[in-house]
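Engineer: give me a 3D structure for the following:
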Amino acid sequence: MKIGDIQISTPVFLAPMAGYTDSPFRQLCKEKGAGVVYTEFVSSEGIIRSSEKSFDYLHFSSSERPVGIQLFGHNPDSMAEAARYIEEYFKPDIIDLNFGCSVRKVVKKYAGAALLKDLDLLAEIARRVVKAVQTPITAKIRSGWNHQSIVALEVADILESAGIQALTIHPRTASDGYKNQADWQIIKKIKQALKIPVIGNGDIKIAEDAIRMFDFTGCDAVMIGRGSFGNPWIFQQTSTLLSGKTSYYIPGLSDRLNMLLYHIKLERKYYDDSHVNRIMKKFYRWYIRGFSNAANIRNQLVHSKSLTDTIYIIKSVKQNLQ
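Structural biologist: Residues are numbered from 1 along each chain as shown. Have a look, this model is predicted:
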């Protein structure tokens, strides 16, 4: 598939996730077969006001390409200006518009999924950003603000008309958050209605789920979020099944610990040890699922006071497996 002129070799993408998809994690997923990776979302207002924290989110390595930078905001002028800045100074392959985030701090600024309540403003933002840059513009949406306002089909048509070159749909409402089952029927309907590539997202926990989504919806690509936590092999596994094979490599417990250590090693290239020790705590439960005494191991890791202690604990667990 292509997004604009960008050739996508593998139709299995890593979702943008705030607090998770930093450059080291994106690199790890890329190494394990992700076709496209996306940054954590970044505020358009933060960019045009030269917020150092916002700029931190924009950096990526060449090994991550093709890579998308995801942008959120509610002001069409700011969104267009931020997109121009991103294109000129960072040159990503894709700029993605966030019309789906339901986190309170985003929607209270009338951004993310809140724009599903104001389709005229959503359309204006999309049109202005598309006109502002040459970089392919994509968008990510939810099915609606709540179950009384399912607007995904209407929004999809608006965005395609505005010049968006691919659309990702997470078929839950903003009010759902991550509760309830994702309604893949909505992805299927949007795929049937649009000419641009449609990327499905939601409830892909294992590679077989991705294949079911492809088969059921006819989507052009799948986007994997939390299913990649502790299991970056899911991209490789999905590609294996897409190639027609019926089985794939399943990492053992020792493999998962080695990957955890590698993940820490990548993070240390970018951040100091105290920062790494803090941000890695959110990943531990995913890496050690299935281990004997997992709750105790997780408790030790989460309460570790230093990265040196953390690495010692992981290596001790690994030694006990032998």
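
Engineer: list of residues touching the one helix or strand in the chain whose mean pLDDT sits lowest?
Structural biologist: When the helices and strands of the chain are scored by mean pLDDT, DSSP states H and E, helix 52-56 comes last with a mean of 87. Defining contact as CB atoms under 8 Å, 6 or more residues apart in numbering, one finds that helix 52-56 is touched by 42-43, 46-47. Where C-beta positions appear, they are placed from N, C-alpha and C, glycine not excepted.

Engineer: okay if I get those as CSV plus secondary structure, distance to residue 70 and neighbour count?
Structural biologist: CSV is the format used below for these (DSSP: H, G, I helix; E, B strand; the rest coil; distance: CB to CB, whole Å; neighbours: other CB atoms under 10 Å):
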residue, secondary structure, distance to residue 70, neighbour count
42, strand, 7, 25
43, strand, 11, 21
46, helix, 13, 20
47, helix, 12, 26
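
Engineer: how about the contacts made by the nearest residue to residue 202 once chain neighbours are set aside?
Structural biologist: Distance criterion CB to CB, 6 or more residues apart in numbering; nearest residue to residue 202, sequence neighbours excluded, is residue 182 at 3.1 Å. Neighbouring residues of residue 182 by CB under 8 Å, 6+ apart: 170-172, 201-203.

Engineer: can you pull the buried residues of the least confident helix or strand of the chain?
Structural biologist: With burial defined by 16 or more other CB atoms under 10 Å, the residues of helix 52-56 counted as buried are residue 54.

Engineer: cool, and stretch 250-257?
Structural biologist: 251, 253, 256-257.

Engineer: quick check: mean pLDDT across it?
Structural biologist: What stretch 250-257 shows for mean pLDDT is 94.

Engineer: let's see that stretch as CSV, backbone CA atoms only.
Structural biologist: Extracted in CSV, the C-alpha atoms of stretch 250-257 (Å, rounded to 0.1, in the frame of the first residue of the first chain):
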residue,chain,number,x,y,z
ILE,A,250,6.5,-17.5,20.0
PRO,A,251,9.1,-16.0,22.4
GLY,A,252,9.7,-17.8,25.7
LEU,A,253,10.0,-16.3,29.1
SER,A,254,13.8,-15.9,28.7
ASP,A,255,13.2,-14.2,25.3
ARG,A,256,10.9,-11.7,27.0
LEU,A,257,13.4,-10.9,29.7
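
Engineer: so how far is it from its chain's centroid?
Structural biologist: Distance of stretch 250-257 from the chain centroid (CA atoms, centre = their mean, to the nearest Å) equals 23 Å.

Engineer: contacts for it next, please.
Structural biologist: Residues contacting stretch 250-257 (CB under 8 Å, 6+ apart): 230-231, 233, 237, 259, 287-288, 290-291, 314, 317-318, 321-322.

Engineer: which of these are buried?
Structural biologist: Using 16+ other CB under 10 Å, the buried members of those are 230-231, 233, 237, 259, 287-288, 291, 314, 317-318.

Engineer: in strands only, show me those residues.
Structural biologist: Using DSSP state E, no member of the buried ones among the contacts of stretch 250-257 sits in strands.

Engineer: TSV for these, including distance to residue 142?
Structural biologist: Putting the buried ones among the contacts of stretch 250-257 into TSV (distance: CB to CB, whole Å) gives the following:
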residue	distance to residue 142
230	25
231	24
233	28
237	27
259	31
287	29
288	31
291	34
314	37
317	39
318	40
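
Engineer: which of these sits closest to residue 215?
Structural biologist: residue 237 (16.1 Å; CB to CB).

Engineer: show the contacting residues for residue 322.
Structural biologist: Contacts of residue 322 by CB under 8 Å, 6+ apart are residue 254.

Engineer: can you check the pLDDT for it?
Structural biologist: 70.

Engineer: start the count at 5, not 1, going forward
Structural biologist: Okay, using 5 as the starting number, the last item reads as residue 326.
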